[in-house]
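A.B. asks: model the following, please.
(chains A and B)
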Amino acid sequence: MLELGPMLRALMRNKIGALLIALQIALTLTIMVNAIFMMQERNRQMARASGVDEQNTFYLSNTVFGENYPLQSALARDLDQIRKTPGVVAATQINAIPLSGGGWSMGLQTKPGDDVDGTGTAIYFVDTQGIAALGVELLAGENFSESDISWRERSSNKWPPKIIITQTLAEKLFEGDWKKALGQTVYINNHDPMQVTGIVKSLQSPWNGWDNTEHASLVPSQLENKGSRLFIRTEPGRRDALMPQIEKMLADSDKQRIIRNVKTMTETREESYREHQATNNILLTVIIVLTLVTGFGIVGLAMFSINRRTRQIGTRRALGASQWQIMRFFMLENLLISSLGVVLGIGGAIGLNIWLVSTFAMTPLTPGLLLVGCAALLLVGQLAVSYPALIAARISPATATRGRA
Amino acid sequence: MFSYYLKLAWLSSKRTWGMSLLMVLAIALGIGAAMTTITVNYLMSANPIPQKSDQLFYVQLDAWDPNDPYFDNGDPPDQLTYRDATALWQAKKAPRQSIATGVAGVIEPADKEALPFMAQGRANSADFFPMFDVPFLYGSGWDEQADLNKEFVVVITAEINERLFGGKDSTGQTLRLAGKDFRIAGVIKRWQPQPRFYDISTGAFQDSEEFFVPFSLMAEQILGQSGNNNCWKPTESGFKAYLDSECIWTQLWVELPTKADVEQYQSYIDAYADEQHKFGRFARTRNNKLSDVMTWLEQREVVSEDASMMMAMALMFLTVCLLNTVGLLLAKFLGKASEIGVRQALGASRRDLFLQHLVESGCIGLAGGLLGLVLAWLGLEAVKSMYGDWMAELAVLDLNMVLLAILLAIGSSILAGLYPTWRACQVQPSQQLKAQ
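C.D. replies: Numbering: from 1, shown residues only, chains lettered A, B, ... in the order given. Next up is the predicted model:
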């Protein structure tokens, strides 16, 4: 009942045309599957939580240029002013901002020694309000107390005795069991001991593409630096109103410094992943346009081949073929060609993926995605050919008896 | 004859306008995508200083952690320790050498009404300016004596000069920077090498600096260092210990005009490293590199992965569009079999027919190419707005790219037209005439 015989014979007469469509479909599948795959990888990265209460936090840079500036008392005064402002939940001085791209990293190890491999972690110097200002969740242990906070000079290399680390870092250091980490001693700078006094659920490092992005540590120190940052958390919904207010308050209170780079965490996230987002947009456009080009190519070629076969189709209709049978002929023909294309495309997609994996250090493709891609392209082929097939089906049987139109 | 073919091409395209439009669009989309990505790649991999890129060499030494290489592939670290860079700079074994690092400082305008602002700068030695052909608007750089005497001299950009001095020649005047008075030695014209090859440690496409001061001031702790700073070995507290530490944050470029100079310098740095090895430093196997500008940019892979991945995708995309065109042209030309038969019967040679159809494919290609250029321009605008400032200078169509786009479009469409044209010329006139 299927007209496979005549269909194949018809295809063989126009081998090149059919092959061209099959090749187009194959390449489209190759590109589509890999592009979607790359998009998924980026989306996964972008979906990770930073651990910070991003909606209600902002920060600013405080750059001092005056000479003989009282760094310690000025910081105390600034923090005091900010914390007293209605609507502010907490504020801390901090050396680096999660996701911002710039910061400080160190290695932690569970045994002292020069030849022990350390685990990389981002370092955030904060005070007692650090946890509250960032909005991170303390899973175990306790926050730093006032007496834990010490002053750190610019080129100092001393480390305070306490440290709070993230769950992921604790798991990495203590054989997958973060609960074991509490109270343990870890070593920084190869030899300097620090006791893990708290564990926070999650807090990302400043570098979103780093292998150890989920490794971060809070260290109870205040920096005696001419350049520093203040990190502020507000009550929900009050951030945008408080930002200019606090900026002005700080700028007016002291002319020996510049308050600059006042930024929300929301903006920071957007900037951090800007390239990822842009690349994804481009990939998405490529996929859509590519599918359209292939689809319209199929329409064009089918229209042409139907035009050429008007009389044959008319003859078939005159000999009793129903409209549905004519339509089915062209739909099946396309299915046959598309299937060839999809089979070639699976090879191509895997090939391209192997090349991408080896050149750009990506992870290999999942078979599920490949199957979805195949199904999608077969569907596109059927959709594209349905309009020409409908036109073919409407050809009047009387055409057979007429001369050339 | 050519104009006659053009006329025929126009008539034929008009007759099958839907198909022609489809082909032009497909080529335009393919060219648009390809040109957008090729342009970004081309500008990312451009030679930023073509006149002497093969005479400027970046120095890498490996004094890193003996237990853990700096780069996984074994390349030496991308910056030097302060002590090594200073030692090599002081040895003066190359005709010119520039030691440098990134700095930042607050500039206080003389006008008390104007607000102080933060500026990005570079601490470098005197040779920096002649080595990298930095163009001066007023004045010049400083001399070696200024480096040795740790003089407070500064070179500023035209932009800063405009902002603080209304664009007038400000050489000899005072600039209040980082709480100190600096004498302005020179003002440079706009200078933005792409990539910013002389310091790619914080990204290869950063803006160039707003001011330049002698590197020797770093030891005086006047300006804060700004840029990457990596340490592997614990250091003692204090600034002196920091300068003597194994932390890397300094860059050294040397100018070596001849091959012999390069060999000599290589053996000099090897000897230096071996000497240091005797004092217990440089515990790794000998791993010192001299790379000229382009080798250096390649080693550090300044063309972003996304960009080259995207270009590969776009070229495949162009292939799909061309396959599309081959199919459509084939259909179109075969549809003209009877016309071709008539023309042959009337005496047109195969060569005439071949040329006629090539002209037709070429015209479609030209139309597609022109439209593709518009799409590429739109694509680059989109790239600029999505990626942000650092892309602004990398997403510009220059004349080379426009020519390439048009050639690519015409060339590829003629290529796409070859097979269909050949098929069309195989038509047997007798058969076509009989079929009527």
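
A.B. asks: return the residues in contact with B:Lys233.
C.D. replies: With contacts defined as Cβ atoms under 8 Å, 6 or more residues apart in numbering or on different chains, B:Lys233 is in contact with B:65, B:245-246. No exception for glycine: its C-beta is placed from N, CA and C like everyone else's.

A.B. asks: those in strands, which ones?
C.D. replies: Of the positions in the contacts of B:Lys233, not one sits in strands, assigned by DSSP state E.

A.B. asks: dump those residues to a markdown table, plus pLDDT and neighbour count.
C.D. replies: Shown next, in a markdown table, are the contacts of B:Lys233 (pLDDT from 0 to 100; neighbours: other Cβ atoms under 10 Å in any protein chain shown):
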| residue | pLDDT | neighbour count |
| --- | --- | --- |
| B:Asp65 | 87 | 17 |
| B:Ser245 | 90 | 20 |
| B:Glu246 | 90 | 19 |
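
A.B. asks: could you say which helix or strand contains B:Gln264?
C.D. replies: Take DSSP states H and E as the rule and B:Gln264 turns out to sit in helix B:259-278.

A.B. asks: name the residues that touch stretch B:31-39?
C.D. replies: A:286, A:289, B:307, B:310-311, B:313-315, B:317-318, B:368-369, B:371-376, B:378-380, B:383, B:394-397, B:401, B:404-405, B:408-409.

A.B. asks: what's the following helix or strand after the longest strand seen in chain B?
C.D. replies: Of all segments of type strand in chain B, defined using DSSP E, the longest is strand B:96-108. Sequence-wise, the next helix or strand beyond strand B:96-108 is strand B:117-124, with elements assigned using DSSP H and E.

A.B. asks: avg pLDDT for the next helix or strand after that following strand?
C.D. replies: Sequence-wise, the next helix or strand beyond strand B:117-124 is helix B:128-131, with elements assigned using DSSP H and E. For helix B:128-131, the per-residue pLDDT values average out at 96.

A.B. asks: what's the answer for stretch B:338-358, then?
C.D. replies: Mean pLDDT, computed over stretch B:338-358, is 84.

A.B. asks: hmm, back to that, how far does the helix holding B:Gln264 sit from the chain's center?
C.D. replies: Mean-position distance between helix B:259-278 and its chain equals 31 Å (Cα atoms, centre = their mean, to the nearest Å).

A.B. asks: mind listing the helices for the chain?
C.D. replies: Let's take chain A. Listed from the start of the chain, chain A has helices (DSSP state H) covering A:4-13, A:15-47, A:71-84, A:130-134, A:167-173, A:239-253, A:265-272, A:274-308, A:310-318, A:323-360, A:367-393.

A.B. asks: wait, chain B was what I had in mind.
C.D. replies: B:2-15, B:17-44, B:82-91, B:128-131, B:144-148, B:158-165, B:239-243, B:259-278, B:293-299, B:305-335, B:337-345, B:350-387, B:399-425, B:429-435.

A.B. asks: ok, and what's touching stretch B:62-72?
C.D. replies: Residues external to stretch B:62-72 that are found in contact with it (Cβ under 8 Å, 6+ apart): A:114-115, A:117, B:76-78, B:81, B:84, B:230, B:232-233, B:246, B:248, B:273, B:276, B:281-284, B:286-288.

A.B. asks: out of those residues, which end up buried?
C.D. replies: Members of those that pass the buried threshold by neighbour count (16 or more other Cβ atoms under 10 Å in any protein chain shown) are listed as B:76-78, B:81, B:84, B:232, B:246, B:248, B:273, B:276, B:281-282, B:284, B:287-288.

A.B. asks: out of those, who's nearest chain A?
C.D. replies: In terms of Cβ to the nearest Cβ, no member of these lies closer to chain A than B:Trp232, at 8.6 Å.

A.B. asks: A:Asp114 versus that closest one, what's the distance?
C.D. replies: 10 Å (Cβ to Cβ, to the nearest Å).

A.B. asks: and for B:Gly102?
C.D. replies: 30 Å.

A.B. asks: and what of B:Val359?
C.D. replies: Distance, B:Val359 to A:Asp114, by Cβ to Cβ: 75 Å.

A.B. asks: flag every residue of the stretch 1-150 of chain B that's near chain A.
C.D. replies: Remark: the part of the stretch 1-150 of chain B in contact with chain A comprises B:18-19, B:22, B:25-26, B:29-30, B:33, B:67-68, B:104-106, B:108, B:115-118, using Cβ under 8 Å from any Cβ of the partner chain.

A.B. asks: what subset of those residues is buried?
C.D. replies: Neighbour-count burial within the residues of the stretch 1-150 of chain B next to chain A applies to B:19, B:22, B:25-26, B:29-30, B:33, B:104-106, B:108, B:116-118; the criterion is 16+ other Cβ under 10 Å.

A.B. asks: tally up the residues packed near the residue lying closest to B:Ala104 once chain neighbours are set aside, please.
C.D. replies: Ranked by Cβ to Cβ, 6 or more residues apart in numbering or on different chains and with sequence neighbours excluded, the top spatial neighbour of B:Ala104 is B:Ser226, at 4.0 Å. Here the count is done by other Cβ atoms under 10 Å in any protein chain shown, and B:Ser226 has 21 residues near it.

A.B. asks: hmm, the worst-scoring helix or strand of chain A on mean pLDDT in reach of chain B?
C.D. replies: The helix or strand with the lowest mean pLDDT-type score in chain A, counting by mean pLDDT, DSSP states H and E, is helix A:4-13 (a mean of 76). No - shown here: helix A:4-13 not in contact with chain B (Cβ under 8 Å from any Cβ), separated by at least 11.1 Å.

A.B. asks: specify the angle between that helix and helix A:323-360 in degrees.
C.D. replies: 60 degrees (axes from the mean of the first three to the mean of the last three Cα atoms, to 10 degrees).

A.B. asks: quick one: contacts of helix A:4-13?
C.D. replies: Counting contacts by Cβ under 8 Å, 6+ apart, the residues outside helix A:4-13 that touch it are A:18, A:329, A:332-333, A:336-337.
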